[in-house]
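Predicted model, plus sequence, below.
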Amino acid sequence: MPTSRERVLAALRHEETDRIPIDLGSHASSTIAVLAYMKLRAELDLAQDELPKMYNTWGQYCDVQDEILDHLGCDVIPLHRAVSSFSIYNDGEWKERTLVDGSQCLVPADFTPVQDGEGDWQWFEDDKMIAKMPGEGLHGFTLFWSPMQGEPTREKIDSLLASEGNNFISRIKTSDREVKYLKAEAARLRKTNNTRAVLFQHGGTILENAQGIFGWDEIFVRCITDPDLVHYFLTALTEIHLDTLKRTLDATGDVVDVIQFGDDLGMQSALLMDPEMYREMFLPYHRKMFTFVRENYPHVHVMLHCDGAVFELLPDMIEAGMQIFNPLQSDCAGMDPARIKQVFGDRITVWGAGSDTHGTLVRGTPGQIREDVRRRVQVLAPGGGFVFNQIHNVLGDIPPENVMAMIHAAHEFGQYPIQMEAPLEELEKKYARYWEEPWKTLQEEGIE
């Protein structure tokens, strides 16, 4: 029987092993919100000896503990950046935090949000409220301020990118402290004889950093009115990313199997921008980073996390060096899994699309979740090139029985050879209308 790491690497080579690899929690877009995790942990009555660590305080995501990964048969673990949220390091002291449901987890000691009069949580930097999180606890922080919004200039760009220790820069740059942390984590993984695949959550966003620093609307306006300024910013940003990539990947050595980049380029029904704008303004910088990794660290596989209706851009991403596409948001326009498997399945690994998180996983029954997983696995898994993961994260209001139904179905239907109702071409026709509203369709079909 292959190890988890061998299982994942075989999938990335488009080979079949004993079963499909399964991921729950390897990066900040494939994980489980802390409220849902605490319920799952209690339901399983596992990993009770220590509190889980909320490494990502921005999104309110915690690590899935080893005992639960073992129980669920998960094949991937994360290697975090030393700074995952705001400018808070994850390698220092931790403290207990009580969640809205009364459960407790650990957060970095420097996580000190301020609660306002309405019960929401605010994050301040330099006496400015830059982000806010609803007090209900089901959602993470949203950015409320951008340093370049209104009057971006080259001088302001230079000043910001030269700064240290703030929300906008700390996850872009690396530091001697982070390099030391990553070396220690790599040594720990070797010493403990880890047999799971390791995913390094680099981030390396191009568009999303531009949106955060310029402002969501402002960056698109500037792409049209002042493209030279945008290129000036993106060129400098990418140089910082490349320096970070070299220092962090040198520090981790041979333990990293997958590196995750992220940039959401699509919405539910369309791209965020004209395709030509992407190709002119942002694609060159994706290509530069992906190529750097593939040429200098050939054992590391390049993943791009990219939400939305992005079918039209997949050839560009592949040409730029993307090897793994996550999460394949199948209810978005044009994102038919069977079509993507047919057109691109020999060139990319799909990491995701294993369960519908918008509807079925939230409101469905275990039986409906099982059927949703069955349909997806038979489309995406044959021939390898598929790592099972739900579409984006398990949010805080998803009950533990639904999470377990999803994982159990992945094991049930993910055994090779995959049992298919029909050839892929026929499945594309059969399920063409299914992907848009899976839960509604399952209800109409009487699936209980």
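Now that the structure is in, tell me what you want to look at. Numbers count the residues shown, from 1 in each chain.

Surely residue 301 is in contact with residue 322?
No. The criterion here is CB atoms under 8 Å, and residue 301 misses it with residue 322 at 9.8 Å. Any C-beta I mention is one placed from the backbone N, CA and C, and that applies to glycine too.

could you measure the nearest residue to residue 29 once chain neighbours are set aside against residue 40, distance?
For residue 29, ignoring the flanking residues on the chain, the nearest one in space by CB to CB, 6 or more residues apart in numbering is residue 305 at 4.8 Å. Using CB to CB, to the nearest Å, one gets 23 Å for the distance from residue 305 to residue 40.

Then residue 440?
When distances are taken as CB to CB, residue 440 and residue 40 turn out to be 26 Å apart.

Can you pull the phi/psi pair for the closest residue to residue 15 other than its chain neighbours?
Counting by CB to CB, 6+ apart, residue 15 lies nearest to residue 384, which is 4.7 Å off, once chain neighbours are set aside. The phi/psi pair for residue 384 (degrees, to the nearest 10) reads phi 80, psi -160.

Can you get me a residue count around residue 384?
Applying other CB atoms under 10 Å, we find 19 residues neighbouring residue 384.

Need the pLDDT of it.
The score at residue 384 is 98. That number is its pLDDT.

residues in contact with it?
10, 11, 13, 14, 15, 16, 17, 349 (CB atoms under 8 Å, 6 or more residues apart in numbering).

what do you get if the cut-off is 7 Å, keeping everything else the same?
Neighbour list for residue 384: 10, 11, 13, 14, 15, 16 [criterion: CB atoms under 7 Å, 6 or more residues apart in numbering].

Out of these, who's the most crowded?
Taking other CB under 10 Å to define a neighbour, the member of the contacts of residue 384 with the most is residue 11, carrying 27 neighbours.

Wasn't it part of a helix?
Yes. Inclusion of residue 11 in a helix is indicated when DSSP: H, G, I helix; E, B strand; the rest coil is applied.

Just list the residues touching it, thanks.
Contacts were defined as CB under 7 Å, 6+ apart; by that measure residue 11 touches 20, 21, 349, 384, 385, 386, 387.

can you check residue 375 too?
By CB under 7 Å, 6+ apart, the neighbours of residue 375 are 431, 434.

what about the closest residue to residue 182 other than its chain neighbours, which helix or strand?
Counting by CB to CB, 6+ apart, residue 251 is the residue found nearest to residue 182 once chain neighbours are left out, at 4.0 Å. Assignment of secondary structure by DSSP states H and E places residue 251 within helix 227-252.

Now find how far off-centre that helix is within its chain.
What separates the centre of helix 227-252 from the centre of its chain is 20 Å, taken as CA atoms, centre = their mean, to the nearest Å.

Who are the packing partners of that helix?
Counting contacts by 3 or more CB pairs under 7 Å, 6 or more residues apart in numbering; DSSP states H and E, helix 227-252 packs against helix 154-161, helix 176-191, strand 197-203, helix 207-214, helix 216-225, helix 283-296.

Name the stretch among these that sits most buried.
Each of the helices and strands packed on helix 227-252 was given a mean neighbour count from mean count of other CB atoms under 10 Å, and the largest, a mean of 25, is that of strand 197-203.

residues making contact with that strand?
With CB under 7 Å, 6+ apart as the test, strand 197-203 has contacts from 4-5, 8-9, 26-28, 75-81, 171, 189, 245, 248, 252, 255-262.

repeat that for 8 Å
Contacts of strand 197-203 from elsewhere in the structure, counted by CB under 8 Å, 6+ apart, are 4-5, 7-9, 21, 23, 26-28, 75-81, 84, 171-172, 189, 244-245, 248-249, 252, 255-262, 300, 303.

mind listing what residue 394 touches?
24, 31, 32, 33, 36, 37, 357, 361, 403.

how about 10 Å then?
Shown in contact with residue 394 (CB atoms under 10 Å, 6 or more residues apart in numbering): 24-25, 30-33, 35-37, 40, 61, 355, 357, 361-362, 400, 402-403, 406.

Take those and keep only those in helices.
Using DSSP state H to define helices, the subset of the contacts of residue 394 located there is 35, 36, 37, 40, 361, 362, 400, 402, 403, 406.

Just the buried subset of these, please.
Buried subset of the ones in helices among the contacts of residue 394 (neighbour count, 16 or more other CB atoms under 10 Å): 35, 36, 37, 40, 361, 400, 402, 403, 406.

Apart from its neighbours in sequence, what residue is nearest the first one?
Meaning residue 35. Setting aside the residues directly before and after it, residue 35 is nearest to residue 396 in space (CB to CB, 6+ apart), at 3.4 Å.

count of neighbours near that neighbour?
Residue 396 is surrounded by 22 other residues when neighbours are defined as other CB under 10 Å.

And residue 168, by the same measure?
Other residues within reach of residue 168 by the criterion other CB under 10 Å amount to 21.

I figured it was touching residue 126, is that so?
No. If you go by CB atoms under 10 Å, residue 168 and residue 126 don't touch, sitting 11.5 Å apart.

now residue 294: how far from residue 287?
Between residue 294 and residue 287 the distance is 10 Å, computed by CB to CB.

so what sits against both of those two?
321, 322.

would TSV of the contacts of residue 11 with distance to residue 267 and secondary structure be doable?
Supplementary listing: the contacts of residue 11 in TSV, determined by distance: CB to CB, whole Å; DSSP: H, G, I helix; E, B strand; the rest coil:
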residue	distance to residue 267	secondary structure
20	29	coil
21	29	coil
349	24	strand
384	31	coil
385	26	coil
386	25	strand
387	25	strand
